[in-house]
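*Asks:* can you look at this prediction? I've put the sequence above it.
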Amino acid sequence: MRNLTHFISGKHVQGSSGRYGAVYDPMTGETQAKAPLASTAEMRAAIDSAAAAFPGWAAENPQKRARVMFRFKQLVEDNMDQLAELLSREHGKVIADSKGDIQRGLEVIEFACGIPHLTKGEFTEGAGPGIDMYSMRQPLGVCAGITPFNFPAMIPMWMFGIAIACGNTFICKPSEKDPSVPLRLAELMQQAGLPDGVLNVVIGDKEAVDTILTDPRIQAVSFVGATATAQYIYATAAANGKRVQAMGGAKNHMIIMPDADMNQVSDALIGAAYGSAGERCMAISVAVPVGKATGDALIAALRPRVEALKVGLSTDAEADYGPMVTAEQLEKVKSYIDIGVKEGAKLLVDGRGFKLQGYENGFYIGGCLFDNVTPNMRIYREEIFGPVLCVSRADDFEAALRLPTEHQYGNGVSIFTRDGDAAREFASRVQVGMVGINVPIPVPLAYHSFGGWKRSAFGGANQHGTEGVKFYTKIKTVTARWPAVGVRSGTDFTIPTMK
Ligand code: NAD
């Protein structure tokens, strides 16, 4: 069994807390590695290293920082196949999807290559008599990112890519369920020329996280994970005076209008609901057909496709999706199917009994499809995070719009229609942070920014894009006057104004 290490100050460091988490092979159900869970002292050592590296890295000119990002991008591309395999073997998603996870992170690195331009300040010549005014964006210091299991490449890169390009130093606390890819990314950053201590990866659980949240040297905390954790991180980090962006869970709806092309809808929905076994914060988990005929047509199109889903090994190029990340996650999903049946939803396809031949102990589940799901049911209100699609029928556009608008989560939503008027009205009125029009998973590209509303995100700042640059920098504004020698402007006891 592999013994994983932390990556602190450019070196692999053995865990010394005596506590470990298990990293499973979701395909077989076996434990494949031991992940050390950092103690407060170990986390503090990483913070020491990041704090010591900060002045040098912050003073590096932005073009040099960008060049590290360029080299890192190339190294990740060169290592794509190995990284994707490592990712699939710990997470369970299929190889092509792991490549997508890595590629989405790399797109943020590409964006970060433009950091000299992105951190340029503003300048006003002659803001007053003989007065110039300018602003600059400066790094914050040591920043930390706490990341979930479901995107072990993309989400760490969302965070450290921007933070480090801006001149900060960084501690990544990845999910203890699949930490090998973030560790490998840190090695590649070092190979790309990043000085030791600028990026540290420390594996851990609540003890490590609480150290991040309370240590006064940490200036900003980025978090992505479940809502209960996000709310705790937000409240605790903010109470300790830190900047926080904390993204949480989701329940993403797809509205299907009567004029939508049902082939396009079912193609889009099957991938968005069941890809990565539904373990995506932007997965579609609720389909909302408008009108009875649309609902019946949707079920007729979808049901055989859900029954025919090919669940297989993560390394099987033919598989639609692979196993879930852990047995615990699998049991949680199965328990929600039981709950839905008890609540009176109609279970049309039941994947609970699925077993992959030869891999009976792997964490597999077949696709599940519920019809007649209503907003009072737990399977509607709560995030399941598995290959389970709930169909909640709506009578008309207004009723369909109310569902995502009134839901506790507001991460993503999408509408399928041929009617530009309905689409425009929907995009304008729906209370959700990311909207797709005839696009099932509207994840914004790296130069836009990612973030949900309501209980899907706490704190004001989105991830990446110019929002990310703002989050990881502080603005300083200088007002400068250089009067000629001997010129006096007198004394004024009132607040300076532009007269
Ligand atoms: P999680 O909240 O269990 O864990 C996320 C991170 O927080 C991990 O690093 C974990 O070690 C740490 N953590 C867990 N419990 C903690 C506690 N009590 N105190 C301190 N730290 C703790 O989430 P997960 O299961 O890894 O990820 C799945 C969740 O993430 C889903 O809810 C999904 O919707 C959400 N997610 C959201 C987004 C988004 O951008 N909104 C993106 C991806 C995933």
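*Replies:* Received, thanks.

*Asks:* what segments of the stretch 101-250 of the chain are helices?
*Replies:* In the stretch 101-250 of the chain, the helices defined using DSSP state H, counting those that start in this stretch lie at 115-118, 154-165, 180-191, 206-214, 227-239.

*Asks:* I'd like those as a markdown table, with mean pLDDT and distance to the ligand appended.
*Replies:* C-beta coordinates here come from the backbone N, C-alpha and C atoms, glycine included. Output for the helices of the stretch 101-250 of the chain, formatted as a markdown table (pLDDT from 0 to 100; distance: least, C-beta to the nearest ligand atom, whole Å):
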| stretch | mean pLDDT | distance to the ligand |
| --- | --- | --- |
| helix 115-118 | 97 | 22 |
| helix 154-165 | 98 | 6 |
| helix 180-191 | 98 | 10 |
| helix 206-214 | 98 | 4 |
| helix 227-239 | 98 | 3 |
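
*Asks:* winner for burial among the ones you listed?
*Replies:* Greatest average neighbour count among the helices of the stretch 101-250 of the chain goes to helix 154-165 (a mean of 29), per mean count of other C-beta atoms under 10 Å.

*Asks:* of all the helices of the stretch 101-250 of the chain, which one comes closest to Pro36?
*Replies:* helix 206-214 (10.0 Å; C-beta to C-beta).

*Asks:* could you give the angle of the closest one to helix 227-239?
*Replies:* When axes from the mean of the first three to the mean of the last three C-alpha atoms, to 10 degrees is applied, the directions of helix 206-214 and helix 227-239 differ by 40 degrees.

*Asks:* renumber starting at 6 from here on
*Replies:* Will do, 6 is the new start, and the previous item becomes helix 211-219.

*Asks:* re the thing from before, mind putting the helices of the stretch 106-255 of the chain into a markdown table with distance to Ala324?
*Replies:* Shown next, in a markdown table, are these (distance: least, C-beta to C-beta, whole Å):
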| stretch | distance to Ala324 |
| --- | --- |
| helix 120-123 | 39 |
| helix 159-170 | 21 |
| helix 185-196 | 20 |
| helix 211-219 | 34 |
| helix 232-244 | 30 |
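
*Asks:* okay, the angle between the host helix or strand of Gln79 and helix 185-196?
*Replies:* Taking DSSP states H and E as the definition, one finds Gln79 inside helix 67-83. With the same axes, to 10 degrees defining the directions, helix 67-83 sits at 130 degrees from helix 185-196.

*Asks:* can you list contacts of helix 67-83?
*Replies:* Residues from elsewhere that reach helix 67-83, judged by C-beta atoms under 8 Å, 6 or more residues apart in numbering: 62, 88, 107, 111, 114-115, 117-121, 124, 166, 169-170, 172, 190, 193-194, 196-199.

*Asks:* point me to the helix or strand that includes Ile304.
*Replies:* Using DSSP H and E, the element containing Ile304 is helix 297-312.

*Asks:* identify each buried residue in that helix, please.
*Replies:* Within helix 297-312, the residues that count as buried by 16 or more other C-beta atoms under 10 Å are 299-300, 302-304, 306-307, 310-311.

*Asks:* close to the ligand, is the helix or strand just after it?
*Replies:* Following helix 297-312 in sequence order, the next helix or strand is helix 332-348 (DSSP H and E). No - counting by C-beta under 6 Å from any ligand atom, the ligand has no neighbours in helix 332-348; the shortest distance is 7.6 Å.

*Asks:* around the ligand, pick out the residues from the stretch 56-205 of the chain.
*Replies:* For the stretch 56-205 of the chain, the residues found near the ligand under the criterion C-beta under 6 Å from any ligand atom are 151-156, 178, 180-181.

*Asks:* phi, psi for the nearest residue to Gly246 once chain neighbours are set aside please.
*Replies:* Closest residue in space to Gly246, ignoring its immediate chain neighbours: Pro221 at 7.7 Å, by C-beta to C-beta, 6 or more residues apart in numbering. When quoted as degrees, to the nearest 10, the phi and psi of Pro221 stand at phi -70, psi -20.

*Asks:* hmm, back to that, list the contacts of the helix holding Ile304.
*Replies:* With contact meaning C-beta under 8 Å, 6+ apart, helix 297-312 is reached by 261-263, 265, 267-268, 270-271, 274-275, 279, 292, 294, 353-354, 372-374, 376, 394, 396, 398.
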